[in-house]
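> Give me the fold of what follows.
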Amino acid sequence: MFDVKKISKLARLNISADEEKTLQGELDQILNYVETLNAVNTDMINIFDVSMNESVFRSDLPTEQSDPGERLKIAPRVNCGQFLVPRVVGEGDA
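Sure, this is the predicted structure:
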């Protein structure tokens, strides 16, 4: 069992007593699940058994032709035939 209070201190997180109880229960559930997974016998599974004769990727074929003008008609904001999207990175962002 892990000490949530110690982990929160190491992570520099301020958690309340209620949060500590909740997180302790969730952490215990996660660790119990990991123990369950560790108990599964995987000796017969060869993780390197990959068929080199088959591609695992789908064929890269076009599936539909569309008119770009139709797509632009339903866009919320357009300028000079291009989609306008909100700025993600602004000036001065590091």
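
> In the chain, spot the helix with the most residues.
Criterion DSSP state H: the longest helix present in the chain is helix 17-39.

> can you name the farthest residue from the center of this structure?
In the chain, the greatest distance from the average C-alpha position (CA atoms, centre = their mean) is reached by Cys80, at 34.7 Å.

> distance of that residue from Leu72?
10 Å (CB to CB, to the nearest Å). (C-beta placed from N, C-alpha, C; glycine too.)

> Now do the buried residues in the host helix or strand of Lys5.
Here Lys5, judged by DSSP states H and E, is contained in helix 4-10. Buried residues in helix 4-10, counted by 16 or more other CB atoms under 10 Å: Val4.

> Any chance you could list what contacts it?
Here helix 4-10 makes contact (CB atoms under 8 Å, 6 or more residues apart in numbering) with 14-15, 20, 23-24, 27.

> Can I get that helix as PDB, trimmed to CA atoms?
Only the C-alpha atoms of helix 4-10 are listed here, as PDB (Å, rounded to 0.1, in the frame of the first residue of the first chain):
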ATOM      1  CA  VAL A   4      -0.900   9.000  -0.600                       C
ATOM      2  CA  LYS A   5       0.100  11.800   1.700                       C
ATOM      3  CA  LYS A   6       3.800  11.100   1.100                       C
ATOM      4  CA  ILE A   7       3.300  10.900  -2.700                       C
ATOM      5  CA  SER A   8       1.300  14.200  -2.700                       C
ATOM      6  CA  LYS A   9       4.100  15.800  -0.700                       C
ATOM      7  CA  LEU A  10       6.800  14.600  -3.100                       C
END
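
> I am finished for the moment; much appreciated.
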